[in-house]
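Chemist: Return atomic coordinates for the entry below.
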Amino acid sequence: MSLLARRFRSMRQGARRAQKPRYRQLIYHVDLMCHLVWRDFSLRYKRSALGIMWSLLLPLAQLLVLVFLFQAVVPLNIDAYPAFVFCALLPWAWFSGCLSSACHLFVGNRDLVRHPNFAPTTLMIVNTLSNLIAYLVALPILGLVLVGYGRPLTPLLLLLPVLMLIQGFLIVGLSLIIATLNVFYRDVQHIVTVALMLLFYLTPVFYRSQSVAAKYQVVYKLNPIAVLVQSYRAIFFYGTAPGWGSLALACVIGVAVYGIGRFVYSRQQHDIVDTI
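Modeler: Just a heads-up that it's a prediction; the model follows:
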């Protein structure tokens, strides 16, 4: 065997040895992520009689309240109103649930944050995915509600992972900002509660954004969660494609918020460990 061939062979063997630990490390991180996600999700319903059923009962209870208010008390005259609300209520519940629990991600997981071989930003992804499970569990019920009200499921539902990915970037970015600031200023958790309450009414969950005066439409176009909620409703309820321009803007804002979250965390990373 020539010297050049032996060198190439030794280089390939060295590359394989270098890639093997990386491959095992990737498997380890994926396995750790899955374990943490399932642990976080299961602990929420530990020692409860209904268990995982609470992830369905809570949005259903909120749906019943909204249907009673805006069909019987203050009618909005929207056809198939329960299906109209439910397809928007589920992504909103995912969004608000993640941000509400983000306040305590660093403070409530001190041991993990202080561990030298653990990336604290993993907690944001775990929190986002564990809340996503509740959304996914409710999707079959949403499908039955839509079919029951004569809204057929269309191939546009294939866009669902795209919408979830955009919302995931938005949630993780906001969670990083909230969790980081809450370490130093505990007022943040109260601000988030108030902000989510106000944002709920600025998001067209139980009403049409088209019914709002034209001069306020910019609020819904620049609000990424409002755009996403309307996009979910488009593919589920109306069976139409979402507004690509608004969705592209929501994607840009979501990625930008994620970048800002990473920046805020990186600037305070060492102080977080010392403070908690």
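Chemist: who touches stretch 98-105?
Modeler: By C-beta atoms under 8 Å, 6 or more residues apart in numbering, the list of residues contacting stretch 98-105 from outside reads 123-124, 127-128, 131, 171, 174-175, 178-179, 182, 188-189, 192-193, 196. To be clear about C-beta, it is placed using only N, CA and C from the backbone, and glycine gets the same treatment.
Chemist: For stretch 230-250, output the C-alpha coordinates as CSV.
Modeler: The C-alpha trace of stretch 230-250 is given here as CSV (Å, rounded to 0.1, in the frame of the first residue of the first chain):
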residue,chain,number,x,y,z
GLN,A,230,-55.6,33.1,12.4
SER,A,231,-53.4,30.7,10.4
TYR,A,232,-54.4,27.7,12.5
ARG,A,233,-58.0,28.7,12.0
ALA,A,234,-57.5,29.0,8.3
ILE,A,235,-56.2,25.5,7.8
PHE,A,236,-58.5,23.9,10.4
PHE,A,237,-61.8,25.8,10.2
TYR,A,238,-61.9,27.4,6.8
GLY,A,239,-59.8,24.9,4.9
THR,A,240,-57.8,27.7,3.2
ALA,A,241,-54.2,28.6,3.0
PRO,A,242,-53.0,31.2,5.6
GLY,A,243,-52.0,34.7,4.6
TRP,A,244,-48.4,34.1,3.5
GLY,A,245,-47.3,37.7,3.9
SER,A,246,-48.5,37.9,7.5
LEU,A,247,-47.2,34.5,8.2
ALA,A,248,-43.7,35.3,6.8
LEU,A,249,-43.7,38.5,9.0
ALA,A,250,-44.7,36.4,12.0
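Chemist: List the buried residues in that stretch.
Modeler: Neighbour counts over stretch 230-250 (16 or more other C-beta atoms under 10 Å) mark Q230, S231, Y232, R233, A234, I235, F236, F237, P242, S246, L247, A250 as buried.
Chemist: Same question for stretch 55-72.
Modeler: Neighbour-count burial for stretch 55-72, counted by 16+ other C-beta under 10 Å, picks out S55, P59, Q62, L63, L66, V67, F70.
Chemist: and M164, what element?
Modeler: Here M164 is covered by helix 160-184, with elements defined by DSSP states H and E.
Chemist: can you tell me which of the buried residues of stretch 55-72 lies nearest to P116?
Modeler: Minimum distance to P116 across the buried residues of stretch 55-72 is 34.3 Å, recorded for S55 (C-beta to C-beta).
Chemist: quick one: that closest one from P152, how far?
Modeler: Distance, S55 to P152, by C-beta to C-beta, to the nearest Å: 26 Å.
Chemist: same deal with Y232?
Modeler: Distance, Y232 to P152, using C-beta to C-beta: 16 Å.
Chemist: Could you do A72 as well?
Modeler: A72 is 27 Å from P152, where distance means C-beta to C-beta.
Chemist: Also Q25?
Modeler: Taking C-beta to C-beta as the measure, Q25 falls 46 Å from P152.
Chemist: More neighbours: those two, which one.
Modeler: Q25 (10 against 7; other C-beta atoms under 10 Å).
Chemist: angle of whatever helix or strand L144 lives in against helix 160-184?
Modeler: For L144, the host element (DSSP H and E) is helix 122-148. Here the directions of helix 122-148 and helix 160-184 differ by 140 degrees (axes from the mean of the first three to the mean of the last three C-alpha atoms, to 10 degrees).
Chemist: Flag every buried residue along helix 122-148.
Modeler: Quick answer for helix 122-148 (16+ other C-beta under 10 Å): 122-135, 138, 142, 145-146.
Chemist: picking that back up, nearest to W94, of the buried residues of stretch 55-72?
Modeler: Ranked by distance to W94 (C-beta to C-beta), the buried residues of stretch 55-72 are led by P59 at 9.7 Å.
Chemist: on that earlier part again, tell me what the helix holding L144 is packed against?
Modeler: helix 3-43, helix 54-67, helix 81-102, helix 160-184 (3 or more C-beta pairs under 8 Å, 6 or more residues apart in numbering; DSSP states H and E).
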